[in-house]
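Asker: Next input, structure requested:
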Amino acid sequence: MTSAVSAPGGFRRAAWRIVKQAWPVLISQWASMAFGVMDTAMTGHASPTDLAAMALAASVFISVFVGLMGVLHAMIPIIAQDFGGGRMAEIGRTWAQGVWLAAALSVVGGVAMLFPDVWLSMSGEVDPTVRELMTNYLRCLVIALPAALLFRTVYALSTAVSRPKVIMAINIVGVCLKACFNWVLIYGKFGIPALGAVGAGMSSAIVFWISATISITILLRDPFYARFKIRLYRPDWKILGGLIRLGLPMGASYLIEVTSFTFMALLVARGGTFALGSHQIMSNLAALCFMMPMSIGVATSTLTAQAIGAGSPDRARRTALAGLGIGVAGAMLTISLLIVGRAWIVDGYTSDAQVALGAMALIRLLVVFHMLDALQCITSYILRAHKIAVVPMLIQAVTLWGIGLGGGWWLGFGSASNPLAGVIGQWLPGAPVGAATLWLMAILAMVLTTACLQYWYHRVLRKAMAGEPPTGSKTPSI
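Answerer: Residues are numbered from 1 along each chain as shown. Below you'll find the model as predicted:
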């Protein structure tokens, strides 16, 4: 069957195609991240208690949502390879099975968020007011989760067929709505009582359902998608099985990445409300910066998978290498902006002097962390284009969980009695010692993650160029 994607002429052409697809993905991701930024900034100006509650609740929701979202993102390489190979009818069937999978995952995730005390067991003593606000915030997000995952199925389909501007437009509308609902519900306007962190959760639920409705409407009415025969087919256990086999290790990999850092918040809570607030600003900034390499990774992975589906391993290699080069350049730009605008950025997050001092110190670590994070992110996405998911998951589990989170806990809060306190006090004055220790160990873990993933990608690349499986396989590989 004829390929749906024309082959680029060389490295420069591959880079241009990545940029064309990456910029709307980037804006879309920034728009999605704006939800968290607005919640952090607006609750931070409401009170330190609301900020602490939002930080803990957001850590739980992000951990659950990103892991489940990662399972659904198995649709991207599968659909992209079908699109590259011209197998249009398969695309609609895969999307329908993704919807069924999203419904099942919503139940799993909702149950996980209904029991916040399980998550708080690692946080030590938490202020009862913070605990109550966190519980109510999560209840709102239980309602939001099905819509958020349904929207992700449309995201996966649109991304895989090089149609990212659709998602970008919906997310921009969502940001505008989120800002309005946050202002009304957090601070209390038009006779509505000020709900603080809980208002932020309520506004997220409303906006997620609006976005999901818009996305499905576009999918059913836009003539571009008609070729894929979009409808809700009956459950197909063969297609579902393929999604699950690839999606579970992908979801686990996403979960490992995000919990390596969101679980930090649960540990940092031992240091008190101000330490938690400083860490939340640092964590939110790291996630915001991550959107650039993530968008490049998504675009690179999509175009690489399309090339694989079209039977062109050389084009897949050029696309992957171009994506890595663009990722390094983008990370350098982001780092420059962080260095120049650090003080202004922190002022936008909080008006509390103690929280701001801690955040200013922690951001110095973000400069190193971000470059490593960008490289490991894009390499992971390239491997997923080849349907390689298990080995990256294992690498990340050992490095990010074992060395980063485990080592950071042991040195910062465990029996090691803060051996890095002197170094932190000298080089990062004002930084909460426990939080800074966790971020230093995260940097070490990211060095090892990047090195291992790069080694594995070059191993896969040699096999692909030699024409060995599993490069064009219909089933996922390790």
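
Asker: C-alpha only now, for contacts and for neighbours.
Answerer: Will do.

Asker: How much space separates Glu327 from Leu333?
Answerer: Careful, residue 327 is Gly and not Glu. Separation of Gly327 from Leu333 (CA to CA, to the nearest Å) stands at 10 Å.

Asker: More neighbours: which of those two?
Answerer: Here Gly327 and Leu333 are compared on neighbour count by other CA atoms under 10 Å; more neighbours surround Gly327, at 25 against 11.

Asker: I'd say that one and Ala374 touch.
Answerer: Yes. Gly327 sits in contact with Ala374 when judged by CA atoms under 8 Å, with a separation of 6.4 Å.

Asker: which residues do these two both contact?
Answerer: Here Gly327 and Ala374 share the contacting residues Pro293, scored by CA atoms under 8 Å, 6 or more residues apart in numbering.

Asker: What secondary structure category should be reported for the residue nearest to the spatial centre of the chain?
Answerer: For the chain, the residue nearest the mean C-alpha position is Val66 (6.0 Å; CA atoms, centre = their mean). In three-state terms, and counting by DSSP: H, G, I helix; E, B strand; the rest coil, Val66 is helix.

Asker: show me the contacts for it.
Answerer: 251, 254-255, 258.

Asker: From Val258, how far off is it?
Answerer: Spatial separation of Val66 from Val258 under the definition CA to CA is 7 Å.

Asker: and what of Met42?
Answerer: For Met42, the distance to Val258 equals 23 Å [CA to CA].

Asker: Please say which of those two ends up with more neighbours.
Answerer: The residue with more neighbours, out of Met42 and Val258, is Met42; 24 against 21, by other CA under 10 Å.

Asker: list the helices and strands whichever strand or helix holds that one packs on?
Answerer: Under the criterion of DSSP states H and E, Met42 resides in helix 11-46. Using 3 or more CA pairs under 8 Å, 6 or more residues apart in numbering; DSSP states H and E as the contact criterion, the elements in contact with helix 11-46 are helix 48-72, helix 164-187, helix 197-221, helix 273-309, helix 313-349.

Asker: Give the buried residues for the second one.
Answerer: Neighbour counts using 16 or more other CA atoms under 10 Å place 164-168, 170-172, 174-175, 177-179, 181-187 of helix 164-187 among the buried residues.

Asker: How about stretch 128-148?
Answerer: Neighbour-count burial for stretch 128-148 flags 130-131, 133-148 (criterion: 16+ other CA under 10 Å).

Asker: mean confidence score for it?
Answerer: For stretch 128-148, mean pLDDT is 84.

Asker: Repeat that for stretch 461-469.
Answerer: Taken as a whole, stretch 461-469 has an average pLDDT of 73.

Asker: Return the residue of the chain that is most distant from the centre.
Answerer: The C-alpha centroid of the chain is most remote from Gly191, which lies 36.0 Å away (CA atoms, centre = their mean).

Asker: SS state for it?
Answerer: Under the three-state scheme (three-state DSSP), the conformation of Gly191 reads as coil.

Asker: roughly how far apart are it and Leu185?
Answerer: The value you get for Gly191 to Leu185, if CA to CA is used, is 10 Å.

Asker: anything in contact with each of the two?
Answerer: None of the residues lies in contact with both Gly191 and Leu185 under the rule CA under 8 Å, 6+ apart.

Asker: what helix or strand is the closest residue to Arg342 other than its chain neighbours on?
Answerer: Sequence neighbours aside, Met360 is the residue nearest to Arg342 in space, at 7.0 Å (criterion: CA to CA, 6 or more residues apart in numbering). In this assignment (DSSP H and E), Met360 forms part of helix 353-385.

Asker: relative to helix 11-46, how tilted is that helix?
Answerer: Calculated by axes from the mean of the first three to the mean of the last three CA atoms, to 10 degrees, helix 353-385 forms an angle of 150 degrees with helix 11-46.

Asker: So Cys377 is in contact with Val298, correct?
Answerer: No. Contact between Cys377 and Val298 fails when scored by CA under 8 Å: they sit 9.5 Å apart.

Asker: ok, these two, which is more surrounded?
Answerer: Remark: of Cys377 and Val298, Val298 carries more neighbours, 30 against 23, as counted by other CA under 10 Å.

Asker: and that one, what does it touch?
Answerer: Val298 makes contact with 22, 25, 159, 378, 381, according to CA under 8 Å, 6+ apart.

Asker: mind checking how far stretch 284-303 is from the chain centre?
Answerer: A distance of 8 Å separates the centroid of the chain from that of stretch 284-303, by CA atoms, centre = their mean, to the nearest Å.

Asker: picking up where we left off before, quick one: mean pLDDT for the helix holding Met42?
Answerer: 81.

Asker: Could you pull out the buried residues of that helix?
Answerer: 11, 14-19, 21-46.

Asker: quick one: that helix to helix 273-309, angle?
Answerer: With the same axes, to 10 degrees defining the directions, helix 11-46 sits at 160 degrees from helix 273-309.

Asker: Let me know which of the helices and strands packed on helix 11-46 is tucked in deepest.
Answerer: helix 273-309 (a mean of 27; mean count of other CA atoms under 10 Å).

Asker: so which strand or helix has Trp410?
Answerer: Take DSSP H and E as the rule and Trp410 turns out to sit in helix 407-412.

Asker: can you pull the alpha-carbon coordinates of that helix into PDB?
Answerer: Backbone C-alpha positions of helix 407-412 (Å, rounded to 0.1, in the frame of the first residue of the first chain) are rendered in PDB as follows:
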ATOM      1  CA  GLY A 407      19.100   8.000  47.300                       C
ATOM      2  CA  GLY A 408      17.600  11.400  47.900                       C
ATOM      3  CA  TRP A 409      15.400  10.100  50.600                       C
ATOM      4  CA  TRP A 410      18.300   8.300  52.300                       C
ATOM      5  CA  LEU A 411      20.600  11.300  52.200                       C
ATOM      6  CA  GLY A 412      18.000  13.900  52.900                       C
END
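
Asker: Show the subsequent helix or strand relative to that helix.
Answerer: Sequence-wise, the next helix or strand beyond helix 407-412 is helix 421-427, with elements assigned using DSSP H and E.

Asker: what about Tyr155, distance to Met75?
Answerer: Counting by CA to CA, the gap from Tyr155 to Met75 is 10 Å.

Asker: more crowded one of those two?
Answerer: Counted by other CA under 10 Å, Tyr155 and Met75 do not tie: Met75 has more neighbours, with 29 against 23.

Asker: right, and that one touches Thr94 too?
Answerer: Yes. Applying CA under 8 Å, one finds Met75 in contact with Thr94, separated by 7.1 Å.

Asker: Touching both of the two, which residues are there?
Answerer: Overlap between the neighbourhoods of Met75 and Thr94 is empty, taking contacts as CA under 8 Å, 6+ apart.
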